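A.B. asks: return atomic coordinates for the entry below.
(one chain, ligands or ions: 2)
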Amino acid sequence: MKLALTIAGSDSGGGAGIQADLKTFSAHGVFGMSVITSVTAQNTKAVIGVEDISPEMVYLQMKAVFEDLPPDAVKIGMVSSEAIIKAIARGIDEFNPEKVVLDPVMISKSGHALLKPDAIDALKKELIKRCLVVTPNIPEAQALSGITIKNVEDMKKAAENIMSYGCRAVIVKGGHLEDDAVDVFFDGNEFRELRSEKIPTKNTHGTGCSFSSAIAANLALGHDLFTSFKLAKEYITSAIKNSVNIGGGAGPVHHFFNLYQKAGLNV
Ligand SMILES: Nc1ncnc2c1ncn2[C@@H]1O[C@H](COP(=O)(O)OP(=O)(O)OP(=O)(O)O)[C@@H](O)[C@H]1O
Ligand SMILES: Cc1ncc(CO)c(N)n1
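C.D. replies: Numbering: from 1, shown residues only. Ligands and ions are numbered 1, 2, ... in the order given. Prediction:
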């Protein structure tokens with residue numbers, strides 16, 4: 001059994017954060033574990049409260065997991081504050097995971113800040129260099145690079161800039177582009193693009209979380225980074241196509257666990 005760990009915030013609505021990550025791991029047949037950084041009171045419409053877990057408790061959750069259940073890959077999502085970033089950096093340095101995917105979550109789809117503005121500097125200086133790949137969406141790539149992004153060329157410039165903080169690859173996600181959903185991958189040598197048609201739906205809660213968790217799950221399964229990106233892009237496209245129209249706001253993407261299909265059952 002392969003193991004994957006998510007270090008992220010809890011979404012009470014079940015569509016993003018820890019909940020989306022664990023559903024994604026299960027859909028890939030990977031055993032999921034969690035380090036909770038923050039608890040959000042959230043649904044498809046809004047975030048109505050946020051309470052951070054103490055940095056020491058974030059570190060202790062990492063210690064408990066790594067000392068007994070060393071993960072094959074790690075995904076980091078909402079980190080909330082500089083103190084939590086420092087606790088995660090301490091855990092990474094002590095336990096040395098090889099494959100870390102960082103989704104630099106800043107603002108929820110409903111518009112609520114999930115990272116304190118003064119923590120962006122710590123994200124750049126303390127976390128990015130400890131990660132294999134960073135997966136910003138367009139507003140996050142703009143905030144990290146200082147480059148205004150209007151098209152794929154700008155996405156490439158931003159990816160190059162973010163690489164300078166010391167990760168081994170960057171994927172700038174194009175879900176916020178007007179036309180096709182184009183994601184740009186850069187590993188310091190070459191740029192590669194994966195494109196899918198924009199699916200016309202309001203139900204995209206959890207796309208970014210599920211996408212980065214799918215990359216981590218595929219890395220845990222032993223795929224190389226670009227293959228993991230390609231598989232994750234297929235997974236998220238399918239999850240958005242099958243997104244669920246629940247709640248009054250942006251409904252969640254759907255995660256398939258195909259064990260029933262494997263057993264020949266049609267449920
Ligand atoms: N409407 C859509 N149709 C097709 N693909 C999409 C759509 N929206 C997002 N994607 C894809 O989903 C993945 C996640 O991208 P997105 O830019 O939505 O992340 P995000 O903004 O970080 O998500 P979140 O708001 O959950 O944090 C990318 O591969 C992107 O191309
Ligand atoms: C806890 C959490 N993490 C990430 C996101 C993504 O926007 C969210 N809405 N909530």
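A.B. asks: distance check, H205 against ligand 2.
C.D. replies: Per C-beta to the nearest ligand atom, to the nearest Å, H205 is found 7 Å from ligand 2. Where you see a C-beta, it was placed from the backbone N, CA and C, and this is true even at glycine.
A.B. asks: let me redo that: A20
C.D. replies: From A20 to ligand 2 the distance is 8 Å (C-beta to the nearest ligand atom).
A.B. asks: so who does that residue touch?
C.D. replies: By C-beta atoms under 8 Å, 6 or more residues apart in numbering, A20 lies in contact with 11, 14, 206, 209-210, 213, 252-253, 255.
A.B. asks: following the host helix or strand of A89, which helix or strand comes up?
C.D. replies: In the assignment (DSSP states H and E), A89 maps to helix 82-95. Proceeding N to C from helix 82-95, the next assigned helix or strand is strand 100-102, under DSSP H and E.
A.B. asks: so what touches that following strand?
C.D. replies: 73-76, 92, 127-128, 130-135, 167, 212-213, 215-216, 219.
A.B. asks: re earlier: give me the buried subset of the contacts of A20.
C.D. replies: By neighbour count, with 16 or more other C-beta atoms under 10 Å, those hold 11, 14, 206, 209-210, 213, 252-253, 255 as buried.
A.B. asks: could you identify the least confident member of those residues?
C.D. replies: The lowest pLDDT within those belongs to H255, with 89.
A.B. asks: give the contact list for it.
C.D. replies: H255 touches 20, 23-24, 26-27, 210, 239, counting by C-beta under 8 Å, 6+ apart.
A.B. asks: who are the contact partners of the residue in the stretch 51-200 of the chain positioned nearest to ligand 1?
C.D. replies: The nearest approach of the stretch 51-200 of the chain to ligand 1 comes at G175, 2.5 Å away (C-beta to the nearest ligand atom). Neighbour list for G175: 137-138, 181, 204, 207-208 [criterion: C-beta under 8 Å, 6+ apart].
A.B. asks: rerun that using 10 Å as the cut-off
C.D. replies: Residues near G175 by C-beta atoms under 10 Å, 6 or more residues apart in numbering: 109, 137-138, 181-183, 196, 198-199, 204, 207-208, 211, 236, 240.
A.B. asks: same question, E197
C.D. replies: Counted by C-beta under 10 Å, 6+ apart, E197 has contacts 179-181, 237.
A.B. asks: quick one: which of these is most hemmed in?
C.D. replies: Taking other C-beta atoms under 10 Å as the neighbour criterion, A181 ranks highest of the contacts of E197 with 20 neighbours.
A.B. asks: that residue and ligand 2, how far apart?
C.D. replies: Using C-beta to the nearest ligand atom, A181 is found at 16 Å from ligand 2.
A.B. asks: and the strand ranked longest in the chain, what other elements does it pack with?
C.D. replies: Longest strand in the chain, counting residues (DSSP state E): strand 31-42. Applying 3 or more C-beta pairs under 10 Å, 6 or more residues apart in numbering; DSSP states H and E, one finds that strand 31-42 makes contact with strand 3-11, helix 17-27, strand 47-52, helix 55-68, strand 73-76, helix 82-95, helix 207-220.
A.B. asks: redo that, cut-off 7 Å
C.D. replies: Packing contacts for strand 31-42, counted by 3 or more C-beta pairs under 7 Å, 6 or more residues apart in numbering; DSSP states H and E, involve strand 3-11, helix 17-27, strand 47-52, helix 55-68.
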